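Colleague: the sequence and its predicted three-dimensional model are supplied below.
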Amino acid sequence: MDALKRQAAARALEQVEDGMKLGLGSGSTAKHFVELLGEKVAQGLRVIGVPTSEVTRNDAIRCGVPLTTLEEIDHLDLTIDGADEINGALDLIKGGGGALLREKIVAAASDRMIVIADDSKWSMFSAASPYL
């Protein structure tokens, strides 16, 4: 599964441009994105990120991704985050972890959001589900 998660993260990274302010999501797939982003930063890509969790913050620091907060900037160009479940209609469930509030705040500050997921996140949940 890690190879698929990394592949999904790499596809999202294709949307990142020099000078962007990024929301950095939480979870196992988002971790792959941060690692790949760190590789691009080491090659000269200039970005700054706002992490949605302490785990993501620590991963970004380890990977050399510059960080800021929404107190310092109030607008993000793009947020990349994972999903807990996605169905065929592309409805998604977030919130299996403890970073949901920060994820929502960062997403709301962003012009765009890309949700990355691998095959393990596909579900048959119904759009009529009370959990959406």
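Modeller: Good, I have the coordinates. Just so it is clear, the model here is predicted, and its values are computed rather than measured.

Colleague: for the rest of this, base every contact and every neighbour count on C-alpha atoms.
Modeller: Will do.

Colleague: doesn't Gly49 make contact with Gly19?
Modeller: No - between Gly19 and Gly49 no contact is recorded; they are 10.6 Å apart, counting by CA atoms under 8 Å.

Colleague: of the two, who's got more company?
Modeller: Neighbour count, other CA atoms under 10 Å: between Gly19 and Gly49, Gly49 has more, with 23 against 11.

Colleague: my read is that one is in a strand, agree?
Modeller: Yes - under the criterion used here (DSSP: H, G, I helix; E, B strand; the rest coil), Gly49 sits inside a strand.

Colleague: start at 21, not 1
Modeller: Let's use 21 as the start, then, which means that last one is Gly69.

Colleague: tell me how far it lies from Pro86.
Modeller: As for Gly69, its distance to Pro86 is 6 Å (criterion: CA to CA, to the nearest Å).

Colleague: not counting sequence-adjacent ones, nearest residue to Arg132?
Modeller: In space, and not counting its chain neighbours, Arg132 is closest to Leu98: 4.8 Å by CA to CA, 6 or more residues apart in numbering.

Colleague: element containing that neighbour, please.
Modeller: strand 96-102 (DSSP states H and E).
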